[in-house]
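# what follows is a predicted structure for the sequence shown.
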Amino acid sequence: MNRLAILIAASCIVLTSPSFAEVYELPPDGYDVVGAVSTITSRYEDTLIDIARRHGVGYQDIVRANPDVDVWLPGEGTEIVLPTRFVLPPGPRHGIVLNLAEYRLYYFPLTAPGEAATVMTYPISIGRMDWETPLGVTTVIAKARNPVWYPPQSVREEHAADGRALARVVPSGPDNPLGRFAMLLALPGYLIHGTNRPVGVGMRVTHGCIRMFPEDIQYLIHRVPIDTPVRIVNEPVKIGWFGDELVMEVHPLLETALPPASAGMPGDVLSGADPSGDAAAIEAIAEAENVIVAAAKNPLTYATEQFIAATNTHAGRLDWLRVEAMVERSDGIPAAVGRAIKNAATSAAPR
């Protein structure tokens, strides 16, 4: 994919539509939480996917926050929870941070003198279990408008095996899966890009690249300079401070093994095609993502590590019953699980 001939300078990219993503002012010292959970009432014609896109959340975000609501027919007047409160990811608040476990991108832009520091956040799609998005640190090295796609041989072979020939070069246009805008990373072969099938945003459907809603990448690419650092992490559990409260956010662990054949994914999903609005295809992906296989760590191990990091200079105590309840739910909605303590040694041991 590293074809610089398709790339254009950032100055040529013109913003033509607004983004639905939220932009938050960075909280002061002692606060690591932005946004708020809210509710809306669905309209007759709504699906959960429609609502998610309008409010800057992805498929898994909206479904996990509303487990008892029908994805396709929520019904007029149904109360829908919008999971738009976030514990900021651990580590430096600079550049782009991709937290794969929560299917979310955070962008911390440079701040001009006299301006308030902000963070922008967007839902994303990530690599499937057989095409995992790698972890690590990289940079944005180029940006493109109306990119041409040069699919790697492995992807072409996969399509051929499924009976769907894929050309060596896919021109820009409505059939190009990269969408209208793309950012090339120094990590060879990987992009942050739009999509021509936005219904799949917030799911695990890509060949390793990061996909965004078309309006979000168009908004973001205009603001991200070349050489912006990109940090790719996998943090299913985040713990941070909100004043004297310790707040935790929990997402399901990302599996690193292929699901068994009995998971029932259709061939077009296994071959890397996004769902195009077909309910059965979308639900098959969601079911496959929830297949339980061996994980590298227990969720409580992640919680302990995050607690130790959060209380490195600010002592606190966790309510482990609340922690265990939140791990059980793993719905991505932050909640208080502990408080600050004074004149006491920090301890991660359950009490």
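Perfect, thanks for sending it. Numbering: from 1, shown residues only.
# only C-alpha atoms for contact and neighbour calcs from this point on.
Will do.
# and Arg231, how many neighbours?
Counted with other Cα atoms under 10 Å, the neighbours of Arg231 add up to 20.
# kindly report the same for Ile40.
Neighbours of Ile40 (other Cα under 10 Å): 12.
# quick check: neighbours of the helix or strand harbouring it in the sheet, parallel or antiparallel?
Secondary structure assigned from DSSP states H and E places Ile40 in strand 38-41. Next to strand 38-41 in the sheet, as set by DSSP bridges, lie strand 79-82 (antiparallel).
# what's in contact with the strand it pairs with?
By Cα atoms under 8 Å, 6 or more residues apart in numbering, the residues outside strand 79-82 that reach it are 37-42, 52, 55, 57, 62, 65-66.
# these, buried ones only, as a ChimeraX selection?
In ChimeraX, this line selects whichever of the contacts of strand 79-82 come out buried by 16 or more other Cα atoms under 10 Å:
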select :42,52,55,57,62,65,66
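# okay, and Val137 sits in which element?
Element membership for Val137, per DSSP H and E: strand 136-145.
# thinking Asp331 is in contact with Met248, fair?
No - using Cα atoms under 8 Å, Asp331 is not in contact with Met248; the gap is 11.2 Å.
# neighbour count: those two, which is higher?
For Asp331 versus Met248, the count of surrounding residues by other Cα under 10 Å is larger for Met248: 28 against 21.
# isn't Tyr107 up against Ile96?
Yes - between Tyr107 and Ile96 there is a contact at 4.4 Å, judged by Cα under 8 Å.
# about what we covered before: what's downstream of the strand holding Ile40, the next helix or strand?
Proceeding N to C from strand 38-41, the next assigned helix or strand is helix 48-54, under DSSP H and E.
# elements contacting the next helix or strand after that following helix?
Sequence order places helix 59-65 as the next helix or strand after helix 48-54, per DSSP H and E. Counting contacts by 3 or more Cα pairs under 8 Å, 6 or more residues apart in numbering; DSSP states H and E, helix 59-65 packs against helix 48-54, strand 79-82.
# buried residues, the longest one. List them.
Of the residues in helix 48-54, those buried under the neighbour-count criterion (16+ other Cα under 10 Å) are 48-53.
# do the same with stretch 243-254
Quick answer for stretch 243-254 (16+ other Cα under 10 Å): 244-254.
# residues touching Ala186, list them.
With Cα under 8 Å, 6+ apart, Ala186 has these contacts: 138-141.
# export the residues you listed to a markdown table and tack on pLDDT, neighbour count and distance to Val169?
Listed next are the contacts of Ala186 as a markdown table, based on pLDDT from 0 to 100; neighbours: other Cα atoms under 10 Å; distance: Cα to Cα, whole Å:
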| residue | pLDDT | neighbour count | distance to Val169 |
| --- | --- | --- | --- |
| Thr138 | 96 | 17 | 26 |
| Thr139 | 97 | 18 | 25 |
| Val140 | 97 | 21 | 23 |
| Ile141 | 95 | 16 | 22 |
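# out of these, who's nearest Met120?
Val140 (16.8 Å; Cα to Cα).
# and for the nearest residue to that closest one once chain neighbours are set aside, the neighbour number?
Nearest residue to Val140, sequence neighbours excluded (Cα to Cα, 6 or more residues apart in numbering): Leu185, at 4.6 Å. Leu185 has 23 neighbours, counted by other Cα under 10 Å.
# give me the spatial nearest neighbour of Tyr150, chain neighbours excluded.
When the adjacent residues along the chain are set aside, Tyr150 lies closest to Val169, with 4.9 Å between them (Cα to Cα, 6+ apart).
# ditto for Leu26
Using Cα to Cα, 6+ apart and skipping the chain neighbours, the partner closest in space to Leu26 is Thr118 (4.8 Å).
# is the one you found in a bridge, and if so with what?
Glu25.
# list the buried ones in stretch 103-111?
If you call a residue buried by 16+ other Cα under 10 Å, then stretch 103-111 has these buried ones: 103-110.
# if we can go back for a sec, what helices and strands are in contact with the strand holding Val137?
Against strand 136-145 (3+ Cα pairs under 8 Å, 6+ apart) you get strand 181-185, strand 229-233.
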